[in-house]
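Asker: fold the following for me, if possible:
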Amino acid sequence: MFNKYYQDELAFLREMGKEFSQAHPALAHMLAERGSDPDVERMLEGFSFLAARIRQKLDDEFPELTHSLLNLLWPHYLRPIPSMSILQFQSVPNALRDRALVPRGTEVHSVPVEGTRCRFRTCYDVNLYPVVLEAASLEESAGSPLRLRLSFLMTGGVQLRQVEMRALRIFLHGPPEVTSLVYLLLRQSVSEIAFQGYLEGRASQRMNLPLASLQPVGFAADEALLPYPENSFTGFRLLQEYFALPTKFLFFDVHGLDRAAALETGGKFDLLLSFERVAGKIPRLSTDNFRLYCTPVVNVFSHTSDPIRLDHERVEYRIRPASVEANHYEIYSVDRVVGWAPGELRPREYPPFYSFRHQLGQDREAIFYQTRLKPSVTSEGTDTYVSFFSEQEAQALPSAETISVDLSCTNRKLPEQLRINDIAAPSADSPEYATFQNITRVSASAPPPLGSGLQWRLLSHLAVNYLSLTSAAALRSILELYNFQALHDRQAARENELRLNAIQAVRSKPTDWLFQGVPVRGTAIELDLVEESFSGEGDLYLFATILNELFSLYASLNSFTRLTVRGVKRGEVYQWSPRLGQQVLV
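Answerer: You can find the predicted model right below:
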């Protein structure tokens, strides 16, 4: 955007200046001449640069106010959406005899892109076992329900009873129309889950597992992709993650395998999942559609800034991530600001001004820092600036300090050049007993919506705290707020526009539910969706599942929500179990 302002001002000087000179030769006859003096050209370009900054400032809708309110109430809204992908680990042959944990937050690297390795960190705990998926197939027979058979093989001569395997996590991999349909079947149609053991190549003992053994993944706080501030609403994070990486929710855990290990079984076992209702034809499935040892990864990592010399000659100072290639880094969040004064042995830590915890008014000499985002002049994205002040202004500020800033950063647009299998380089904390690679394409990053309309987005956010989400217009409004990708990706904009326009009606009514013998008053929500706006029933179901989580998170404690979704055209009905509210009322 700044380049456009600059080019407009430079063109105005050269084109309109000539016309003005011809109309008023006595006033500005020199403007009509196109000189070759490089000093004059430099002056015109410098003036155009300054004029462009003024125009940008006039058009930025007073960010000092909007950014301040957003930093206080919804700080996540001023953060970029980083690139993401799905990573799969594979243990080195014969390296494992038991469970090995790759903890959430493990850093992994990519191949170099323009000389810089992109840094990602894992978002789920990954439990590695000496187990591989040997086969996957659908079994159909007359008079019997459709059944999915997953055949597993222990490796390295290990027996199942020797391994601490409480749960096995499976990722649904493949085309969206296939994986979303399988997701729907696993969430809505499973009628039986059975464990089948084998001894010496023959089927041995069999045990049925509770239906609750199959649990979806991706909705818990410790399964978040985006680092979210404590005062930000979790439901908004789920919306951002759904629009950025919907495959994040295509994970399931199969629990109860530790009890099955007590059966007489050797180095092979099957999981059998029977389905009672199957809508439409299920495509052929294989082991490629069911991947073990996977996790989402996100391009966010800890970093530091270049030292900032606090000399009070400027109102604000740009925070530059420490790097030779500064444009390969973008600040995701400012985590800590400290100052080193000459002669002092300990640094001074500055608290953020936009916080509910600072002591302004109690300590008149306290110094705070404030950050502000600006659209980057040299690349797509944002730049971050910091300023310092106190209640006593200059009297309390130190005469000179060196400021150091702890940051969380992204690699801007670099990860978008990565291909499948390019995130495969080890880091200092990646496991030595396993290799890894990304098995899905890397998603596009998106800067925060700092352009025109930010004030209206802020007002919409303020309104959602006082308007119920149980109206079609209000629900579409809040979903649009978190569809950052639509501002920069036309395909994503079209797909998500169809999803939002699919919301035809939202109805709600009070209802009662007997929970553990105690009557609870809650809200029954009915949602009408147009099926044609989705790639299939599975896509519709996943979208509605996210809305179900949003409603339950938005509901207050000691209440509940129960969602029912109806298809407008075909009349298909989906219903979720009642969900207790989680919003604390003050």
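Asker: what about stretch 274-292, average pLDDT?
Answerer: Averaging pLDDT along stretch 274-292 gives 88.
Asker: start the count at 860 instead of 1 going forward.
Answerer: Noted, 860 is the first residue going forward, which turns the last one into stretch 1133-1151.
Asker: got the end-to-end distance for that stretch?
Answerer: 21 Å (CA to CA, to the nearest Å).
Asker: may I see the buried residues of it?
Answerer: Buried residues in stretch 1133-1151, counting neighbours by 16 or more other CB atoms under 10 Å, are found at 1133-1134, 1141, 1144, 1146, 1148-1151. Just so you know, the C-beta spots here come from the backbone N, C-alpha and C atoms, and that holds for glycine as well.
Asker: mind telling me what element the residue nearest the centre of the chain is part of?
Answerer: Central residue of the chain (CA atoms, centre = their mean): E1100, 3.8 Å from the mean position. Taking DSSP states H and E as the definition, E1100 sits inside helix 1093-1103.
Asker: for that helix, give me every contacting residue.
Answerer: Here helix 1093-1103 makes contact (CB atoms under 8 Å, 6 or more residues apart in numbering) with 933, 935, 940, 943, 1077-1078, 1080, 1083-1085, 1087, 1107-1108, 1302, 1305, 1337-1338, 1341-1345, 1351, 1355, 1402, 1405, 1408-1409, 1412-1413, 1441.
Asker: recalculate using a threshold of 6 Å.
Answerer: Residues from elsewhere that reach helix 1093-1103 (CB atoms under 6 Å, 6 or more residues apart in numbering): 940, 1084-1085, 1087, 1107, 1341-1342, 1344, 1405, 1408-1409, 1412-1413.
Asker: from those, which two are the most distant?
Answerer: Q1344 and Y1413 (22.8 Å; CB to CB).
Asker: can you give me the pLDDT of the nearest residue to L1027 once chain neighbours are set aside?
Answerer: The shortest distance from L1027 to any non-neighbouring residue, by CB to CB, 6 or more residues apart in numbering, is to V1113 (4.9 Å). Among the per-residue scores, V1113 holds a pLDDT of 97.
Asker: my read is I1337 is in a helix, agree?
Answerer: Yes. Applying DSSP: H, G, I helix; E, B strand; the rest coil, one finds I1337 inside a helix.
Asker: next one: it from K1368, what distance?
Answerer: I1337 is 21 Å from K1368, where distance means CB to CB, to the nearest Å.
Asker: which of those two has more residues huddled nearby?
Answerer: Neighbour count, other CB atoms under 10 Å: between I1337 and K1368, I1337 has more, with 19 against 9.
Asker: where do the helices sit along this structure?
Answerer: When assigned using DSSP state H, the helices of the chain occupy the ranges 861-870, 876-882, 884-887, 897-918, 922-932, 1035-1047, 1093-1103, 1116-1119, 1313-1323, 1331-1340, 1349-1360, 1396-1413.
Asker: with respect to L1073, which of those lies nearest?
Answerer: Evaluated over the helices of the chain, closeness to L1073 peaks at helix 1035-1047, with 6.4 Å, by CB to CB.
Asker: orientation of that closest one relative to helix 1396-1413 in degrees?
Answerer: 60 degrees (axes from the mean of the first three to the mean of the last three CA atoms, to 10 degrees).
Asker: for helix 1035-1047, give me every contacting residue.
Answerer: If you take CB under 6 Å, 6+ apart as the criterion, helix 1035-1047 is touched by 1031, 1109, 1111, 1134, 1142, 1394-1398, 1400-1401.
Asker: buried residues of it, list them for me.
Answerer: So, applying 16+ other CB under 10 Å, buried residues of helix 1035-1047: 1035, 1037-1047.
Asker: again, but for stretch 1269-1279
Answerer: Quick answer for stretch 1269-1279 (16+ other CB under 10 Å): 1269-1275, 1277.
Asker: contacting residues for V1157?
Answerer: Going by CB under 6 Å, 6+ apart, V1157 touches 941, 943, 982, 1084.
Asker: need these in TSV (columns: pLDDT and distance to V1245).
Answerer: Formatted as TSV, the contacts of V1157 follow (pLDDT from 0 to 100; distance: CB to CB, whole Å):
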residue	pLDDT	distance to V1245
P941	96	21
M943	98	28
C982	98	29
L1084	96	27
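Asker: farthest pair in these?
Answerer: Pairwise distances among these were taken by CB to CB; the largest, 11.4 Å, belongs to P941 and C982.
Asker: one step back: make TSV from the buried residues of stretch 1133-1151 and add distance to S1418 to it.
Answerer: Shown next, in TSV, are these (distance: CB to CB, whole Å):
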residue	distance to S1418
S1133	35
F1134	33
I1141	38
L1144	40
T1146	44
N1148	39
F1149	38
R1150	38
L1151	39
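Asker: one step back: relative to L1416, how far out is the residue nearest to the centre of the chain?
Answerer: For E1100, the distance to L1416 equals 24 Å [CB to CB].
Asker: ok, and the helix or strand in the protein with the lowest average confidence?
Answerer: Across the helices and strands of the chain, mean pLDDT, DSSP states H and E gives its lowest value to helix 884-887, namely a mean of 56.
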